[in-house]
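K.L.:
Curious how this folds, go ahead:
(one chain, ligands or ions: 1)
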Amino acid sequence: MSVVGWILLAVLGVLVLLLLIALVRTLLSGARRAEWKARREPEREALYSEKLSRMVQVETVSRRGAVQREKFLAFHALLAELFPLVHERLEKTEIDGNLLFRWKGNSDERPVVLMSHQDVVPAEGEWLHEPFSGDIADGKVWGRGSADTKCSVMAFFQAVEELLAEGYVPEQDVYLSSSCTEEIGGDGCPKLVEELKRRGVRPFLVCDEGGAIVEEPIGGVKGHFAMIGVLEKGQGNLRVSARSNGGHSSYPPKNSPIARLSAFVCDVEKHSPMHADFEPEVEAMFGTLAPYGPFAYRLLFGNLWLFKPLLKKLLPAISPQAAALLKTTVAFTMQSGSDATNVMPQEATLTMNLRYIPHQNRKASNVALTRMAEKHDLSVTVLDAYNALPPVKIDSAAYRLVEDVIDEVFPGLPKCPYVMTGGTDARFYQQICDACIRFSPVVYGPEQMKGMHGLNENVDSFSLPGAVDFYKAVIRHNQ
Ligand SMILES: [Zn+2]
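P.N.:
Residues are numbered from 1 along each chain as shown. Predicted structure coming up:
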């Protein structure tokens, strides 16, 4: 055999050996099952469902550019009725419809902020139950906002209400925070953060929506998992423009604006300048879920040391969700041309919505796309953009506190770090807090996932007592 032959044989031998190691590791580590089930408490479920139902019935759709303080004041009046002790004993601040409550503890050294927004997205289409009916039926509370995210607002108000009724005094200050502009990316939460900054408050832990108790978080991984949001991708909007001298459509020139934009779109789709890689948090997420999946899943994700290069190529090709976890995504969302069917546009534009990943953040992603655009004789304007923010450290005291609370309130529920591809208000808190954890202690099955921002939004009544207990335990554990 030639030298090359021997080298090839050696490489093959090493590969087979590595595969064997991965195989043996997988067989030895065995499969795990996620078998947590919610404890049923019919009386509490009924009480909390009723409160949530009333909250859903007050329509709180936020709209860009509209002054809507009155609408939110009506919602606050309901909160005062449902949670009288909170309103009697806590210090309330209202800024343009956004709410901040302070529950004074024995110490103000490591305050905790429990937060979720009050506003909801509009409800269109045909619903099984009217979107603002708040119907309680089939063991669920129905309506816009029931899952996103009046359930968690109800749960933390109720948690404080019950602790107050017991005469409990928190060791540390507790803040309840709720903006009315989350769904429109408005300035409600920044105003609350400004207020806390003015008071010199530096929270030890902020707990917002984002992750949740998710059923089958990845296809094939059965059971419920506490998906704890530790990293949120950045976001940007870029406008791409193509100019020309216009002209009549009866003798169209080559390379007209829309043709150039189209070529650019195809180029980005075919030769994406975005690199796939595993952020440490994404690796931790797949590693945690691996033992609960089918064999192939356990083999691949349980041995990332070997299969990472392969998965970096494979995953983005087979699933858009997986692609979003590994790279900056580019979505083409809007476009414009001329105003008439028979007029060539002098300018045509295209808008891209980007979600930045830390390893190819705002600047690197924007530069890569701008270079590609220039090749097609296009210019790029950044409309707005912010980086992915630093993740919550998985070994931090705040993260461990949340894990301990989950163990106590949801015994046996596996916990998993989670990377959010969407945005929440929590990012505004990152200027004053290192541990903004995105986790709603509510069960989201496939039906709830479909309902959020979609038709027939609902939440299971059985998941409400656990949510209330979660917030109570966070307050109690923060000593
Ligand atoms: Zn939300």
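
K.L.:
E94 belongs to a strand?
P.N.:
Yes: judged by DSSP: H, G, I helix; E, B strand; the rest coil, E94 forms part of a strand.

K.L.:
quick one: contacts for it?
P.N.:
Applying Cβ atoms under 8 Å, 6 or more residues apart in numbering to E94 gives the contacts 73, 76, 100. Using the backbone N, CA and C atoms, a C-beta is placed for each residue, glycine as well.

K.L.:
at 10 Å instead, please
P.N.:
E94 makes contacts with 69, 72-73, 76, 100-101, as judged by Cβ atoms under 10 Å, 6 or more residues apart in numbering.

K.L.:
Mark which of those are buried, thanks.
P.N.:
Neighbour-count burial (16 or more other Cβ atoms under 10 Å) is assigned, among the contacts of E94, to 72, 76, 100-101.

K.L.:
Now intersect the residues you listed with the strands, please.
P.N.:
Per DSSP state E, strands hold the following members of the buried ones among the contacts of E94: 100-101.

K.L.:
of all the buried ones among the contacts of E94, which two lie farthest apart?
P.N.:
Pairwise distances across the buried ones among the contacts of E94 peak at 14.7 Å for F72 and F101 (criterion: Cβ to Cβ).

K.L.:
Give me the residues contacting the helix or strand hosting A296.
P.N.:
A296 belongs to helix 295-301 when assigned by DSSP states H and E. With contacts defined as Cβ under 10 Å, 6+ apart, helix 295-301 is touched by 19, 22-23, 25-27, 29-32, 218-221, 283, 285-293, 302, 306-308, 310-311, 314-315.

K.L.:
swap the cut-off to 8 Å and go again
P.N.:
For helix 295-301, using Cβ under 8 Å, 6+ apart, the contacting residues are 22-23, 26, 29, 31, 220-221, 286-287, 289-291, 293, 307, 310-311.

K.L.:
quick one, helices of the stretch 251-400 of the chain?
P.N.:
Ranges of helices within the stretch 251-400 of the chain are 257-270, 280-289, 295-301, 304-318, 320-326, 362-375, 397-409, based on DSSP state H, counting those that start in this stretch.

K.L.:
quick revisit: just name the closest of the buried ones among the contacts of E94 to the ion, please.
P.N.:
Distance to the ion, by Cβ to the ion, is smallest for F72 among the buried ones among the contacts of E94, at 15.6 Å.

K.L.:
Report the contact partners of that closest one.
P.N.:
Contact analysis of F72 by Cβ under 8 Å, 6+ apart lists 60, 97-98, 118-119, 180.

K.L.:
Residues of the stretch 101-250 of the chain that sit close to the ion?
P.N.:
148-149 (Cβ under 5 Å from the ion).

K.L.:
Could you give the bridge partners of the residue lying closest to K140 once chain neighbours are set aside?
P.N.:
Among residues not flanking K140 along the chain, N458 sits closest, at 4.3 Å (Cβ to Cβ, 6 or more residues apart in numbering). In this entry, N458 is beta-bridged to W142, by DSSP bridges.

K.L.:
Could you find the residue in the stretch 251-400 of the chain that comes nearest to the ion?
P.N.:
Ranked by Cβ to the ion, the top residue of the stretch 251-400 of the chain for proximity to the ion is R355, at 16.4 Å.

K.L.:
Repeat that for the stretch 201-350 of the chain.
P.N.:
Nearest residue of the stretch 201-350 of the chain to the ion, counting by Cβ to the ion: E209, 5.2 Å away.

K.L.:
CA-only coordinates of stretch 246-261 in CSV, if you can.
P.N.:
Provided in CSV are the C-alpha atoms of stretch 246-261 (Å, rounded to 0.1, in the frame of the first residue of the first chain):
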residue,chain,number,x,y,z
GLY,A,246,-37.0,55.3,-13.6
GLY,A,247,-38.6,55.3,-17.1
HIS,A,248,-41.4,53.7,-18.9
SER,A,249,-42.2,50.0,-18.4
SER,A,250,-42.6,49.5,-22.2
TYR,A,251,-38.8,49.4,-22.7
PRO,A,252,-37.4,48.2,-19.4
PRO,A,253,-33.6,48.3,-19.0
LYS,A,254,-31.6,45.4,-17.5
ASN,A,255,-30.7,45.5,-13.8
SER,A,256,-33.6,47.6,-12.8
PRO,A,257,-34.0,48.2,-9.0
ILE,A,258,-36.3,45.3,-8.3
ALA,A,259,-34.1,42.9,-10.3
ARG,A,260,-31.1,44.0,-8.3
LEU,A,261,-32.9,43.6,-5.0
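
K.L.:
which parts of it are buried?
P.N.:
256-261.

K.L.:
Just the closest of the residues you listed to M449, please.
P.N.:
L261 (33.5 Å).

K.L.:
quick one, what contacts that closest one?
P.N.:
By Cβ under 8 Å, 6+ apart, the contact set of L261 is 240, 242, 335, 348-350, 376, 378.

K.L.:
if you set the cut-off to 7 Å instead, what comes out?
P.N.:
240, 242, 348, 350, 378 (Cβ atoms under 7 Å, 6 or more residues apart in numbering).

K.L.:
follow-up on the earlier one: and the contacts of F72 as CSV, adding pLDDT?
P.N.:
Listed next are the contacts of F72 as CSV, based on pLDDT from 0 to 100:
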residue, pLDDT
T60, 97
G97, 96
N98, 97
Q118, 97
D119, 97
C180, 97
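
K.L.:
Strands - which of these land there?
P.N.:
The strands, defined by DSSP E, take in N98 from the contacts of F72.

K.L.:
Return the member of the contacts of F72 nearest to the ion.
P.N.:
Nearest member of the contacts of F72 to the ion, counting by Cβ to the ion, is D119, at 8.6 Å.
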